Each structure stands twice: as C-alpha cells, then as structure tokens.
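A.B. asks: give me coordinates for this.
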Amino acid sequence: MADFRSDTVTVADDRMREAMVTAEVGDDFYGEDPTVDDLERTAAQIVGKDAGVFLTNGTSANMVALLTLCSVADGRSGRQVLTHATSDIHAWEAHTLAQVAGLQTLPLPGRHGQLDPHALASALAATDPYAPRPAVVAIENTHSASGGRPWSLSDIDVVADLCDAAGVPLYCDGARLFNATVASGYGADEAVARCGAVSISLYKGLGAPMGSVLCGPAAFVEHARVLRRTLGSTFRQAGHLAAAGLVGLSRVAELADDHRRARDLWEGLAQVLPADLLDEPPTTNIVTLDIGADAGTLVDSLSAAGVRVTEVVPGVVRFVTHRDLTDADIDAALRAAAATFVPLQAGATR
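C.D. replies: Predicted structure coming up:
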C-alpha cells in the first residue's frame, strides 16, 4: 500500500529506533532529561531563537504559543488571532482554541495562503470597542491548504512590518517550515527572524513518531512551559522521543527527495487529467486535485488499487509525498490514477 494521505504516516527506521532505545533520559519535569534538553537547544539554534520547549504535536504547540502570546498582549489588545481563512489554525483548530483557550480567530483572505496586506492592515486597525482586538497574527509556512506553498522572505517582511506598526506579535506555524527552507533556499532562522515565536514539527516529513518544538525568547518559553503543564502535556522520561526528533532534524536536506517526487507525480498526473483539475505545479511535497463531486469515488478507487489519498476538503483530493515513499510508489499512483480517472471521465460525459 502506497500511503499518500499525509507526511505524518511515516514509520521510524532502524537508525531512529536505535537512537530511541539508547537515548539517555531523565525526568523532563525537573529539567533532568539531557536528550530533551539537546533537542530543545538544537531546534532553537536552527531557527535562531533563545530557547525551545518540547510538545506532543503541532496542535498543542499552536495552542501554547498563542495562549502565551495573547497572555503577554492581553492587557492592551484582547484575545483575537488574525490568520488566513484556510490556515490549519483557523480551519482545523479554531474550535479547540475557542473551547480550551478562549481565543477567537479572525479569518483573512489572501492568495495561496498568504495574508492580503490590505485586509491585514484593516483588521489590525479595527477600533470597535465591542469586538475583540487583535493580540497575535499567525502565518503558516508552508501553507498546507494551498498545496504546501512557502512564503517568500519579502512577503513575510510585509506582514511583519504591519505587525510592528500595530504592536502585535507575529507567530509562525512552521509545521512544514523545513519544506519551505529546502524549496526556497533561505535558512530557517531567516524565515522566522521577524516572528516572535515559531513551532516546528518533528513528525511531518522528518519521520519522528511525534513531537513539535516551540521556540522563542527565553521569557516566552518559560511561560510556555507553565502552560504546557496547565494543559496536561508535561513529559517525564521523554528522551526516547526527543532522540527521534534529533535524528529527524539531521535529515532536513532529504526533504528535497520528497519535493522531487511530488513534481514527478504532478507531471505524470498532468498527462492523464484535464488541466483544470490540477493545482499549479508543487513547490514542496503536496499535490492537490480539484475533482469535485467525484472526489470520494476517486479516493475509494485509488484505495482499492493500493494507493491511499485523502479528500482533504470537499471535492479536493490531496497527495503528500514523504520519506517512506519510493519512485515505484509514484509510478503505482500514476497507474492507479489513470485507470481510475478514465471511467470517471466517461461517466461524467454520458
């Protein structure tokens, strides 16, 4: 079975398993796990921040980050998070933020998941005394719902300038930040230099079984550790998991293979699918098809042929390449797609 549903489906290989088994561990609650300390320090150095805190996953990292930033800003600007309408924070996590953290997201427009500067400026300037005022602006790099598109440094600067002028911090959901750095050629530290905090995933593309690291200034991370415990996410002997994350961070350059396979997949699909069903060529590791009403049928047919994909939103089928896929899996997916789409197209033209 070739699994293209997400880059979270990877399984730890022998090298990662060995690192997990042999990791030196201690009680992380007391700050006594040397492998966790190493992971947090390494991640912070990579993104150019003072410190980091190890969390279970990206959702918890986003919640802790936004709660921390909103707590700092609460006395002057409220508890509203400005983010793109299709960002994971708004589309998939807004209900959790509202229910658990008491935070409200304000969805903003923008092409390819990048915030429209005029819409952002207007939202930052809002003065309605009966509405929550913005406490944080959040960007997602890469932007999953837009086919894994990376932000350019110049576009980040535009958003950061608006945030600075309004006195509102900028946060980066960097679950796939390393896909952005590999594709764009800039460093992770450059990508988040204007951001007050950033989270990175260890299990999206990097192959670890779990974990994210939230990085920022030392005072921010200290506050985040308190909130981590408040939300029931404190680790004990977490070094075994942190060791997997360290192996993942050593493999960032290998994401280029995922990007190449995504391009190969897109080019192959372009040979058998109408152009209007395909998104633009992938920059990183996500390929999307706008199939419409036949999306569910396509997903089921591909699964029957040994290729797993997901209907990520109604009508849109997503393929995500990752380190556990091979060139042979790409070929298998293309054969299955061709065999599946021809009867779908024939049915649509009857």
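
A.B. asks: how about the helices in this protein?
C.D. replies: Using DSSP state H, the helices found in the chain span residues 14-22, 34-47, 58-77, 88-91, 94-96, 117-124, 153-166, 177-184, 188-191, 218-230, 239-249, 255-272, 295-304, 327-349.

A.B. asks: remind me which residues of the stretch 201-350 of the chain are low pLDDT?
C.D. replies: Residue ranges of the stretch 201-350 of the chain with pLDDT under 70: 342-350.

A.B. asks: just to revisit the earlier point, any chance of the helices of the chain in JSON lines, plus distance to Pro107?
C.D. replies: Any C-beta I mention is one placed from the backbone N, CA and C, and that applies to glycine too. Below are the helices of the chain laid out as JSON lines (distance: least, CB to CB, whole Å):
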{"stretch": "helix 14-22", "distance to Pro107": "37"}
{"stretch": "helix 34-47", "distance to Pro107": "26"}
{"stretch": "helix 58-77", "distance to Pro107": "15"}
{"stretch": "helix 88-91", "distance to Pro107": "5"}
{"stretch": "helix 94-96", "distance to Pro107": "8"}
{"stretch": "helix 117-124", "distance to Pro107": "10"}
{"stretch": "helix 153-166", "distance to Pro107": "15"}
{"stretch": "helix 177-184", "distance to Pro107": "22"}
{"stretch": "helix 188-191", "distance to Pro107": "23"}
{"stretch": "helix 218-230", "distance to Pro107": "24"}
{"stretch": "helix 239-249", "distance to Pro107": "31"}
{"stretch": "helix 255-272", "distance to Pro107": "27"}
{"stretch": "helix 295-304", "distance to Pro107": "23"}
{"stretch": "helix 327-349", "distance to Pro107": "32"}
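
A.B. asks: any chance of those in TSV, plus mean neighbour count and distance to Leu106?
C.D. replies: Shown next, in TSV, are the helices of the chain (neighbours: other CB atoms under 10 Å; distance: least, CB to CB, whole Å):
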stretch	mean neighbour count	distance to Leu106
helix 14-22	14	40
helix 34-47	21	26
helix 58-77	22	13
helix 88-91	21	8
helix 94-96	14	10
helix 117-124	17	6
helix 153-166	16	13
helix 177-184	24	23
helix 188-191	20	24
helix 218-230	17	22
helix 239-249	25	33
helix 255-272	18	32
helix 295-304	16	29
helix 327-349	15	38
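
A.B. asks: which among those is found nearest to Arg5?
C.D. replies: helix 295-304 (9.6 Å; CB to CB).

A.B. asks: contacting residues for Val320?
C.D. replies: By CB atoms under 8 Å, 6 or more residues apart in numbering, the residues touching Val320 are 4-7, 148, 285-287.

A.B. asks: could you identify the most distant pair in those residues?
C.D. replies: Using CB to CB, the two most remote members of the contacts of Val320 are Arg5 and Gly148, lying 14.2 Å apart.

A.B. asks: out of those two, which sits in the more crowded spot?
C.D. replies: Set Arg5 next to Gly148 and count neighbours by other CB atoms under 10 Å: Gly148 wins out with 30 against 16.

A.B. asks: need the contact list for that one.
C.D. replies: Counting by CB under 8 Å, 6+ apart, Gly148 makes contact with 142, 176, 179, 262, 282-286, 320.

A.B. asks: let me know the closest of those residues to Ser212.
C.D. replies: Nearest to Ser212 among these, with distances taken as CB to CB, is Arg176, at 11.4 Å.

A.B. asks: would you mind confirming that that closest one is in contact with Gly205?
C.D. replies: Yes - counting by CB atoms under 8 Å, Arg176 touches Gly205, with 6.3 Å between them.

A.B. asks: which neighbours do the two have in common?
C.D. replies: 7, 285.

A.B. asks: any idea of the pLDDT on Ala131?
C.D. replies: Looking at Ala131, its pLDDT stands at 79.

A.B. asks: what sits against it?
C.D. replies: Taking CB under 8 Å, 6+ apart as the test, what Ala131 contacts is Gln80.

A.B. asks: just checking, what packs against the longest strand anywhere in the chain?
C.D. replies: Identified as the longest strand of the chain according to DSSP state E is strand 134-140. Contacts defined by 3 or more CB pairs under 8 Å, 6 or more residues apart in numbering; DSSP states H and E place strand 134-140 against helix 58-77, strand 80-84, helix 88-91, helix 117-124, helix 153-166, strand 170-174.

A.B. asks: quick one: which of the ones you listed is nearest Thr42?
C.D. replies: Closest approach to Thr42 among the helices and strands packed on strand 134-140 is made by strand 170-174 (15.0 Å; CB to CB).

A.B. asks: could you report the distance from the residue lying closest to Ala293 once chain neighbours are set aside to Pro274?
C.D. replies: Of all residues not flanking Ala293 in the chain, Gly315 sits nearest, at 6.9 Å (CB to CB, 6 or more residues apart in numbering). Distance, Gly315 to Pro274, using CB to CB, to the nearest Å: 15 Å.

A.B. asks: between these two, point out the one with more neighbours.
C.D. replies: Each of Gly315 and Pro274 has its neighbours counted (other CB under 10 Å); Gly315 has more, 14 against 9.

A.B. asks: does Val11 touch Asp324 like I think?
C.D. replies: Yes - counting by CB under 8 Å, Val11 does reach Asp324; the two are 6.4 Å apart.

A.B. asks: quick one: end-to-end length of stretch 281-290, please.
C.D. replies: Stretch 281-290 has its terminal residues 13 Å apart, counting by CA to CA, to the nearest Å.
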